[in-house]
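> heads up, no residue letters with this:
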């Protein structure tokens, strides 16, 4: 079993860059660019996003106040927010500090209902099924710790699921006597039918809950969630979906997955304020899940019982609304197409190098904008260190008991030139070696 680590920690050798000073950005200029793009609609199917849509993406890139002397390729860990989101965050935060008992609790706090409605529309579900949380971990732990379980009940997941969620199952097992069962996935895990078969093979009469990642955080592999949810439903087993890396990244709705429980972070692919997340619980399942923090009995069937966390700022949650608007102005199909395009811009040249090995299956529908690679003969932690110290390129080192590598996650503000800079840096560090044809 993999060692439990915080969601943001993979290799202790990673050096985090110092804070940078934001640059000015013209919101009206972005609004005009987005409006023009919305009228034009998405590029034609099969068109090259680099040539057909690059003017649009330049407007998106300029919405982010990032230091372009550095290249951030760990947006899957946490992404910067665009300027409209930051502006909204500061505006709400300033107002709520004028007279917090009134401005925060009586004026701003009720406005989160509008945010709930926006997220529900984006997810394709009812607002009465959406709770605002601080991150994916809080959302998922709410369900993992809130489902009624008995001693001896088995909890099933893979060895590649997120360490904090595995730790949650382990703590519950220590405290209440459940049994955690994990199984390894093939590498790369691109065969959907085989994945479903592995879940089915590892079920027992004692299995009472399943945890599955929609996108494996280590490799970016897309899992056949709908099929696994259907498998669990046939057996009467609840399935909890970890959507930390899928929401606002892949093109889907929660109705497509047909799941009962889904948790995600909004500060990754939605580029919402840091420390915001979302929990979905199907309406009829809400009464059967205990909240993490105590709620009144009259809230048993109310999704808001999962938001009873005591005093908290209103500003980050209200600024989610701007992130949703920014995301919708881009359009989910266009966004995914761009993320896959950026991925392919670095994958294609590195595939030509004899020492580079990929741990992610990259066929259609098997992955989005995330991929994991390894340079054989070169320690991944050392390569992460060199990319940062020598080239000022920030990547994510992955060390799992079954494999290692470097996870690369660009986002919509990443430029093709920055991708080329990354490719040149990796090739320089890997040394000359071409595959024989």
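Arrived safely. Owing to the predicted nature of the structure, the values given are computational and were not obtained by experimental measurement.

> outline the domain layout of the protein.
27-75+332-430, 87-326 (automatic domain parsing).

> and the strands in the stretch 201-350 of the chain, which stretches?
With DSSP state E, counting those that start in this stretch as the definition, the stretch 201-350 of the chain shows strands at residue ranges 207-213, 239-242, 261-265, 277-281.

> just the ones you listed: most buried one?
Comparing the strands of the stretch 201-350 of the chain by mean neighbour count (mean count of other Cβ atoms under 10 Å), strand 261-265 comes out on top with a mean of 29. Heads up, the C-betas are built off the backbone N, CA and C, glycines and all.

> that one packs against which elements?
helix 136-146, strand 239-242, strand 277-281 (3 or more Cβ pairs under 8 Å, 6 or more residues apart in numbering; DSSP states H and E).

> about what we covered before: out of the domains of the chain, nearest to residue 81?
Of all those, it is domain 87-326 that lies closest to residue 81, at 5.0 Å by Cβ to Cβ.

> so for the closest one, mean pLDDT?
Averaged over domain 87-326, pLDDT sits at 97.

> quick one: end-to-end length of it, please.
13 Å (Cα to Cα, to the nearest Å).

> which stretches of the stretch 1-150 of the chain form helices?
Secondary structure of the stretch 1-150 of the chain (DSSP state H, counting those that start in this stretch): helices located at 27-40, 49-52, 54-62, 83-96, 100-102, 112-123, 136-146.

> tabulate those (CSV), appending mean neighbour count.
CSV is the format used below for those (neighbours: other Cβ atoms under 10 Å):
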stretch, mean neighbour count
helix 27-40, 14
helix 49-52, 14
helix 54-62, 17
helix 83-96, 19
helix 100-102, 11
helix 112-123, 19
helix 136-146, 24
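
> as TSV, the domains of the chain with distance to residue 81 would be great.
Rendered in TSV, the data for those read as follows (distance: least, Cβ to Cβ, whole Å):
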stretch	distance to residue 81
domain 27-75+332-430	8
domain 87-326	5
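
> so the residue nearest the centre of the chain versus residue 219, what's the distance?
In the chain, the centroid-proximal residue (Cα atoms, centre = their mean) is residue 245; its distance is 2.4 Å. Separation of residue 245 from residue 219 (Cβ to Cβ, to the nearest Å): 10 Å.

> and if you look at residue 288?
Residue 288 is 33 Å from residue 219, by Cβ to Cβ.

> look at the two and report which has more neighbours.
Applying other Cβ atoms under 10 Å to residue 288 and residue 219 shows that residue 219 carries more neighbours, namely 27 against 15.

> residue contacts, the more buried one?
Residues near residue 219 by Cβ atoms under 8 Å, 6 or more residues apart in numbering: 160, 187-189, 359-360, 367, 370-372, 398, 407.

> repeat the analysis, applying 10 Å as the threshold.
160, 185, 187-190, 358-361, 367, 370-373, 398, 400, 403, 405, 407 (Cβ atoms under 10 Å, 6 or more residues apart in numbering).

> for residue 240, same thing?
139-144, 147, 155, 157, 165, 209-212, 229, 232, 259-263.

> try residue 308
131, 291-296, 299, 302.

> now the buried members of these.
131, 291-292, 295, 299, 302 (16 or more other Cβ atoms under 10 Å).

> list just the nearest of these to residue 413.
residue 131 (28.7 Å).

> any idea what that closest one is bridged to?
For residue 131, the beta-bridge partners are residue 279 (DSSP bridges).

> that one: what's it in contact with?
Residue 131 sits in contact with 116, 119, 138-139, 142, 263, 277-281, 286, 291, 302-308, where contact means Cβ under 10 Å, 6+ apart.

> from residue 315, how far off is it?
In terms of Cβ to Cβ, residue 131 sits 18 Å off from residue 315.

> ok, residue 298 next?
28 Å.

> residue 373 now?
Applying Cβ to Cβ to residue 373 and residue 315 gives a distance of 38 Å.

> so the two - more neighbours on which side?
Higher neighbour count among residue 373 and residue 315: residue 373, with 23 against 20, using other Cβ under 10 Å.

> phi and psi next, for that one.
phi -130, psi 160 (degrees, to the nearest 10).

> for it, which non-adjacent residue is spatially closest?
residue 358 (5.1 Å; Cβ to Cβ, 6 or more residues apart in numbering).

> report how many residues lie close to that neighbour.
Residue 358, neighbours per other Cβ under 10 Å, totals 18.

> same question for residue 151.
Neighbour tally, residue 151, other Cβ under 10 Å: 9.

> also the one 5 residues further on?
The burial count assigned to residue 156 is 24, neighbours taken as other Cβ under 10 Å.

> what backbone torsions are found at it?
Torsion angles, degrees, to the nearest 10, at residue 156: phi -110, psi 130.

> same check, this time on residue 170
phi -60, psi -40.

> leaving out sequence neighbours, find the closest residue to it.
Nearest one to residue 170, counting by Cβ to Cβ, 6+ apart, is residue 180 at 5.9 Å.

> what is the helix or strand hosting that neighbour packed up against?
Using DSSP states H and E, residue 180 maps to strand 179-183. Contacting strand 179-183 under the criterion 3 or more Cβ pairs under 10 Å, 6 or more residues apart in numbering; DSSP states H and E are the following elements: strand 154-158, helix 163-176, helix 192-201, strand 207-213.

> re earlier: my guess is the residue nearest to residue 373 contacts residue 370, does it?
No: Residue 358 lies out of contact with residue 370 (Cβ atoms under 10 Å); the separation is 11.7 Å.
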